[in-house]
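Participant: Provided below are the primary sequence and the corresponding predicted coordinates.
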Amino acid sequence: MPKLQLEQRVRYPPFESHRFKPTQLPIASEIIVIKKGTMKEIEQTLKQQMPGFTLGNEQSWLVEQRYLVNDKIYDDSTIVRKQNIRESSKKPLAVKQQRQGWYLTPNPIHAGVRKFISGAVVVLLVTLGYLFIEPVLASIGIPGIGTSTVRIGLLDYPMLAVLLIPLLFFPLMLRVAANLSDLLQQRFFLKSSPKDPIVKLLAEPVAGKPLEFSIEMEEIRDDWRNISITWRVGALPPSRSSLFNALGRTISKQPPPGLTTELPHHWDVGLDDGTGGGEDAPMEDREVKGGLFLRPMRAMEFGEKKTIASGAMSLKEPSLDWPGTISSDLIRIHWEMIVSIERETKGNLLWVMPIAVSHQTRTASIPVIPTNDGRTESDSV
């Protein structure tokens with residue numbers, strides 16, 4: 001008797017995915033049986049199921065959902081669905097705790113210092129290389145530069161090395177100061193958080209179509225300037241446990257390529273896959289579950305952005321062909337609306353509302369998934 005199966009396949013971009021070769025990482029795959037019966041019964045069942053989709057490709061990052069009949073790929077694009085289908089699953093924990101409500105933006109020093117450190121490391125390596133070959137240069141008559149020594153305690157150090165040490169410690173001190181500033185900003189915000197905007201959806205949100213809504217700001221503070229609104233879609237990280245199961249690994253053993261070893265971070269409560277290693281967001285106040293910094297989805301795309309106005313509004317959809325909302329452990333396609341408030345000081349303030357978006361009646365496809373490094377400081381809303 002024929003059986004209908006749902007297969008989900010994921011090669012999700014790890015943290016700082018530009019450092020990895022996708023073809024060297026495994027594809028996690030999970031198959032579940034949906035229906036057993038005749039082909040007519042299977043086709044009737046497919047009409048009630050969300051269409052399959054393929055985001056990315058076999059040689060790059062991949063998020064794919066497809067159907068199998070008797071373990072063979074079935075092209076469900078031939079199925080005629082008369083209406084859009086919305087997922088009935090509950091929101092993942094990652095959405096409930098990390099992607100709704102008010103969020104702050106990190107101190108801009110974080111991004112600047114990170115670039116500075118990269119340059120300082122290059123200068124240090126060049127200096128050490130020069131000091132290594134300097135005796136050879138001196139033997140052929142080329143005078144050295146900065147090779148005189150400075151005595152510190154009982155040891156002598158090359159002058160160049162002593163001069164470069166501040167280049168390494170100064171940015172670290174700036175990072176500490178930026179983290180302390182972020183902590184103070186979080187404490188201040190928790191004592192006086194604004195009222196939530198009131199958003200009404202004027203039509204059913206559907207992937208591939210504009211978002212129709214109205215919004216009312218119940219509170220506008222004196223230091224607020226331009227208030228804009230946008231929406232975006234992306235793939236959230238799979239849960240760590242589902243990735244291990246799909247790859248046939250034991251979670252207490254060595255992780256598969258692309259995943260880090262156990263770290264005291266959000267993965268232990270199912271909020272992400274654990275590859276961020278604590279670097280995806282600045283230091284956060286532990287009083288707020290999920291934190292007060294909005295983590296970017298490593299695979300995502302924005303729709304239109306507009307200044308908030310009274311009455312009915314419309315935002316154009318993202319340009320790529322994304323599916324609707326999916327909330328399984330392995331694949332999490334997430335849509336959200338973001339209100340961005342420019343302030344005179346302390347950076348932008350963000351308010352986020354998850355949106356349940358219906359699937360189109362046809363299959364969706366994206367040749368190459370747009371990616372970013374996954375750091376909060378690199379997310380430009």
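Facilitator: That came through, no problem.
Participant: from here on, just use CA atoms for contacts and neighbour counts.
Facilitator: Will do.
Participant: now do the helices in the chain.
Facilitator: 39-46, 93-98, 109-139, 159-191, 240-246 (DSSP state H).
Participant: what's the average pLDDT for the fourth one?
Facilitator: Spelled out, that is helix 159-191. In this model, helix 159-191 has a mean pLDDT of 85.
Participant: related to what we said a few turns ago, deepest in the core, which of the helices of the chain is it.
Facilitator: helix 240-246 (a mean of 20; mean count of other CA atoms under 10 Å).
Participant: can you give the distance of it from its chain's centre?
Facilitator: 18 Å (CA atoms, centre = their mean, to the nearest Å).
Participant: cool, stretch 124-140 as well?
Facilitator: Taking CA atoms, centre = their mean, one finds stretch 124-140 lying 43 Å from the centre of the chain it belongs to.
Participant: what does stretch 224-234 give?
Facilitator: In this view, stretch 224-234 has its centroid 17 Å away from the chain centroid, taken as CA atoms, centre = their mean.
Participant: what do you get for stretch 289-309?
Facilitator: So, by CA atoms, centre = their mean, the centroid of stretch 289-309 is 10 Å from its chain's centroid.
Participant: buried ones in that stretch?
Facilitator: 290-306, 308 (16 or more other CA atoms under 10 Å).
Participant: and stretch 241-261, average pLDDT?
Facilitator: Mean predicted lDDT for stretch 241-261 stands at 84.
Participant: what does that stretch contact?
Facilitator: Identification of contacts with stretch 241-261 by CA atoms under 8 Å, 6 or more residues apart in numbering yields 14, 20, 25-30, 270, 273-275, 277, 329-330.
Participant: which of those sits closest to Leu154?
Facilitator: Gly277 (38.9 Å; CA to CA).
Participant: how is the protein carved up into domains?
Facilitator: 3-78, 93-106+189-378, 111-188 (automatic domain parsing).
Participant: one step back: can you redo the helices of the chain as TSV with distance to Ala207?
Facilitator: Shown next, in TSV, are these (distance: least, CA to CA, whole Å):
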stretch	distance to Ala207
helix 39-46	19
helix 93-98	19
helix 109-139	33
helix 159-191	34
helix 240-246	26
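Participant: nearest to Val233, out of these?
Facilitator: Ranking those by their distance to Val233 (criterion: CA to CA) puts helix 93-98 first, at 12.7 Å.
Participant: export only the CA atoms of the closest one, formatted as CSV.
Facilitator: Provided in CSV are the C-alpha atoms of helix 93-98 (Å, rounded to 0.1, in the frame of the first residue of the first chain):
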residue,chain,number,x,y,z
LEU,A,93,10.1,28.7,22.3
ALA,A,94,12.8,30.7,20.4
VAL,A,95,10.0,33.0,19.1
LYS,A,96,8.2,33.3,22.4
GLN,A,97,11.3,34.3,24.4
GLN,A,98,13.6,35.9,21.8
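Participant: how distant is that helix from the center of its chain?
Facilitator: Worked out by CA atoms, centre = their mean, helix 93-98 lies 13 Å from the chain centre.
Participant: state the mean pLDDT of that helix.
Facilitator: 86.
Participant: hmm, back to that, show me how to select, in ChimeraX, the buried members of the contacts of stretch 241-261.
Facilitator: Selecting only the buried entries of the contacts of stretch 241-261 in ChimeraX, with 16+ other CA under 10 Å as the criterion:
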select :14,25,27,28,29,30,270,273,274,275,277,330
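Participant: out of the contacts of stretch 241-261, flag the one nearest to Gln186.
Facilitator: Of those, the one sitting nearest to Gln186 (CA to CA) turns out to be Gly277, at 21.5 Å.
Participant: rewinding a little: out of the buried residues of stretch 289-309, which are inside strands?
Facilitator: Counting by DSSP state E, the buried residues of stretch 289-309 place 299-306 in strands.
Participant: wait, Leu236 sits on Leu330?
Facilitator: No: using CA atoms under 8 Å, Leu236 is not in contact with Leu330; the gap is 9.3 Å.
Participant: in TSV: the ones in strands among the buried residues of stretch 289-309, plus pLDDT and distance to Leu137.
Facilitator: Listed next are these as TSV, based on pLDDT from 0 to 100; distance: CA to CA, whole Å:
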residue	pLDDT	distance to Leu137
Ala299	93	50
Met300	95	52
Glu301	96	53
Phe302	96	55
Gly303	96	58
Glu304	97	59
Lys305	96	59
Lys306	96	61
